[in-house]
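> My questions are about this predicted structure, shown below with the sequence.
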There are 2 protein chains.
Amino acid sequence: MRVALLAGGTGGAKLAAGMQEELGADLAVIANTGDDVEALGVHVSPDPDLITYWLSGEIDEERGWGISGDAFVVFERLEQLGAPSWFGLSDRDLAACLYRCQFLADGGRPTDAQAQIARGLGVEARVLPMSDSPVRTRIVTPGGSRGLQEYLILDGGQPQVLGVELEGIESAEPTAEVLEAIRVAEAIVIGPSNPVISIGPILALPGLREAIAASPAPVLAVSPYVAGAVVKGPTDRFMEGLGRPTTAAGVASLYAGLIDAMVVDEGDPDPPPAEIPTLAAPTLMEGAAGRVRVARTVLDYAATLGPS
Amino acid sequence: MRVALLAGGTGGAKLAAGMQEELGADLAVIANTGDDVEALGVHVSPDPDLITYWLSGEIDEERGWGISGDAFVVFERLEQLGAPSWFGLSDRDLAACLYRCQFLADGGRPTDAQAQIARGLGVEARVLPMSDSPVRTRIVTPGGSRGLQEYLILDGGQPQVLGVELEGIESAEPTAEVLEAIRVAEAIVIGPSNPVISIGPILALPGLREAIAASPAPVLAVSPYVAGAVVKGPTDRFMEGLGRPTTAAGVASLYAGLIDAMVVDEGDPDPPPAEIPTLAAPTLMEGAAGRVRVARTVLDYAATLGPS
């Protein structure tokens, strides 16, 4: 089954890892690039890289980000020299960013840089940045507008979210690879990532919703809420910022008109409205076996849905 | 005694380390930047950095370059991703280059980047890039013109040298810091670095020879030939390329009209002509004690010379 999976941070990336076990090269992961940031003199693309490390098996599973066993030698040296050090990158992680930075400086596309990184690390699935044009997510807080990484790292994700701005979104477009992955998909899955800052920027790309609507494949969202709470990250603040309930039903409201069905955790206290076909199943992805199990659940459910 | 030391690679850098012990902040090292190269996506400045690591005590003395105990994690990762890997950099070395690259991208000067790197590493002497404008040394060989690093690394320094070109030299100028260091110096020392590719580019800067001539300080060259041979590097090929004897006398011929005196190794088989006052003394710099001993020899000799 050819699957296009929309993903941002940890939840979507874990589901991608599980799906890759089942689908191999038939999986295309469409990754949010609204988190991208220039730091330490390199171009950092947190979501595509995080997904890549989950897919290559190098992720530090315990921490949930970065590469297992990787040190911070370069970062600590940069600190010693006086470089701004609010954004930390471990050595191998930084190498990928440096590679990308150079690739772009030579006139290459982010899509090709990411493909090359995935290839170098032996990743089977495709990791597709949502766009080759820069989109930068900014968070409007009572103290003013902040870049997303500043909000998450410097502010610790604490200030109230009044709104989310996507700088550059009007002139950005999905890549040809993204549109093709959607066109040929037999299922389109919205991963259990933050609906506002991870999935939101992907869906906000001009033409992206239309491309999904035009595809005959069923569109399925997986709720990031497990046992009524998000496993990792400040999703609730963003849901509140958009005036949505911090529940699966709130997520469903953000995807209204786009999705054909939803997978929620079996114990979800606030499932989507009845008009959305919903499968309730265990969605906590613990360990490799847990990721494959949830992937299998989602894929099996997708197979039961007809073309949309 | 305020000293301006012209230096390139290992020999000059070792003498700088010895002199720093004697002079501290009164030492200004004017460093060749003709070796600079863009590699691995960063701006590499081999001579200023090598000098800095000799001065900070971090140099890998056995190897003669790079930082002691430093690993190549980022470099090996870049190789794995498919980056060109002819130019290797260890992790902390690369951090300095990345810092410089970012500093320059932010509109800073190479001089200030280098000062910041030295400060971060606790270096007492000043390390002054010869110019803030790019100068790139190219080597003319029977097979065509090659960048210096390509010649040294990819060609192993083997092809015959037909000539040396200094790209950008006409429009480059010494920095205000370099000119000031020469102006206030009580001795100007040309270090025992390759006279053609390390010292040559410094002396070729428009106005540099004139600044040295205008200074009342005695000008003293230290021969890189020890017991009739160069300790490290392909100096002979370059001397031959310029039609000079591969001896202290050959070096003296390149500095004719500029120097007031010379220090050569005590066993030198072909010393400078009699009209150049010459001190013959042991010049092999083995270990920290050897470096300080040679530095002391040079400084003591300089103190005996009157203003030029």
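Sure, I can see it.

> count of neighbours near A:Pro269?
13 (other C-beta atoms under 10 Å in any protein chain shown). Quick note: C-beta positions are derived from backbone N, CA and C, even for glycine.

> didn't it look like it was pressed against A:Ala249?
No. Using C-beta atoms under 8 Å, A:Pro269 makes no contact with A:Ala249, being 9.4 Å away.

> Quick check: end-to-end length of stretch A:270-287?
End-to-end distance of stretch A:270-287 (C-alpha to C-alpha, to the nearest Å): 26 Å.

> And that stretch, what's buried?
A:270-272, A:276, A:278-279, A:281, A:283, A:285 (16 or more other C-beta atoms under 10 Å in any protein chain shown).

> can you check stretch A:101-118 too?
Result for stretch A:101-118 [16+ other C-beta under 10 Å]: buried residues A:101-104, A:110-118.

> What about those residues, which are in helices?
Counting by DSSP state H, the part of those found in helices is A:101-104, A:110-118.

> residues touching A:Gln149, list them.
A:Gln149 makes contact with A:35, A:37, A:39, A:46, A:87 under the criterion C-beta atoms under 8 Å, 6 or more residues apart in numbering or on different chains.

> What distance do you get for A:Leu166 to A:Ala39?
Computed as C-beta to C-beta, to the nearest Å, the A:Leu166 to A:Ala39 distance reads 20 Å.

> tell me which of the contacts of A:Gln149 is nearest to chain B?
Nearest to chain B among these: A:Ala39, at 9.5 Å, using C-beta to the nearest C-beta.

> Between the two ends of stretch A:270-279, how far is it?
13 Å.

> now do stretch A:41-59
Stretch A:41-59 stretches 23 Å from its first residue to its last (C-alpha to C-alpha).

> From B:His43, how far out is the residue lying farthest from the centre of chain A?
Distance from the C-alpha centroid of chain A, by C-alpha atoms, centre = their mean, peaks at A:Leu81 (33.4 Å). Going from A:Leu81 to B:His43 by C-beta to C-beta gives 14 Å.

> Can you pick out the residue with more neighbours from A:Leu166 and A:Ala39?
Set A:Leu166 next to A:Ala39 and count neighbours by other C-beta under 10 Å: A:Ala39 wins out with 21 against 18.

> list the contacts for that one?
Residues near A:Ala39 by C-beta under 8 Å, 6+ apart: A:84, A:86-87, A:89, A:149.

> just to revisit the earlier point, nearest to chain B among the buried residues of stretch A:101-118?
Of the buried residues of stretch A:101-118, the one sitting nearest to chain B (C-beta to the nearest C-beta) turns out to be A:Gln102, at 3.2 Å.

> Helices of the stretch 1-150 of chain A, residue ranges please.
Ranges of helices within the stretch 1-150 of chain A are A:10-23, A:46-56, A:73-81, A:91-105, A:110-120, A:148-149, based on DSSP state H, counting those that start in this stretch.

> Can you say which of these is nearest to A:Leu299?
helix A:10-23 (6.0 Å; C-beta to C-beta).

> from the middle of its chain, how far away would the closest one be?
With C-alpha atoms, centre = their mean, to the nearest Å as the basis, helix A:10-23 stands 11 Å off its chain's centre.
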